[in-house]
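> Let's see this in three dimensions:
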Amino acid sequence: QVQLVESGGGLVQAGDSLRLSCAVSGRTSSDYTMGWFRQAVGKEREFVAGVSRRAGRTAYADSVKGRFTISRDNAKNTVYLQMRSLNSEDTAVYYCAARSGVLITTTNYDYWGQGTQVTISS
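Below is the predicted model of the structure:
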């Protein structure tokens, strides 16, 4: 069983940066494709960014391209989401997810964290 724990969320101002972390335990993180998703109030959960097992491939939602960067440190079993130029549209609960298969942009992931709240004040 894989456990995912997100951290790094909080309240920041528009234009600020924030880095989220996802600690993976129970299995070696390099066994999994990792993704970040977010869910705003009243909206469906949406894909934000994903990275393949050995970071050879990444994918981003159009809304975050050029502002967010996903990375992973398999030696530390940790995945990161660096977020820059944040705006109010980025306000949401951010979830880390893992799957055994290839990188995809739908919510068909096997394991999910509890989420961390990110709030952007304008």
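> only C-alpha atoms for contact and neighbour calcs from this point on.
Fine.
> How is Glu89 assigned, secondary-structure-wise?
What DSSP: H, G, I helix; E, B strand; the rest coil gives for Glu89 is helix.
> That one - how many residues pack around it?
11 (other Cα atoms under 10 Å).
> now it: how far from Ser121?
Relative to Ser121, Glu89 is positioned 10 Å away (Cα to Cα, to the nearest Å).
> what's the answer for Asn108, then?
Here the criterion is Cα to Cα. By it, Asn108 lies 31 Å from Ser121.
> ok, the two, which is more surrounded?
Ser121 (14 against 11).
> show me what contacts that one?
Taking Cα atoms under 8 Å, 6 or more residues apart in numbering, we find Ser121 in contact with 11-14, 87-88.
> Ramachandran coordinates for it?
Taking degrees, to the nearest 10, you get phi -100, psi 140 for the backbone angles of Ser121.
> Kindly state the beta-bridge partners for it.
With DSSP bridges applied, Ser121 shows beta-bridge pairing to Gln13.
> quick one, strands of the chain?
Ranges of strands in the chain, per DSSP state E, are 3-7, 10-13, 18-25, 33-39, 46-51, 58-60, 68-73, 78-83, 92-99, 111-112, 116-121.
> Just checking: what are the partner strands of the fifth one?
As defined by DSSP bridges, the strand partners of strand 46-51 come to strand 33-39 (antiparallel), strand 58-60 (antiparallel).
> Output it in CSV with nothing but the alpha carbons.
Extracted as CSV, the C-alpha positions of strand 46-51 are listed here (Å, rounded to 0.1, in the frame of the first residue of the first chain):
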residue,chain,number,x,y,z
GLU,A,46,-8.7,18.6,-12.5
PHE,A,47,-5.3,17.5,-13.6
VAL,A,48,-2.5,20.1,-12.9
ALA,A,49,0.8,18.3,-13.7
GLY,A,50,2.3,14.9,-14.0
VAL,A,51,5.7,13.3,-14.1
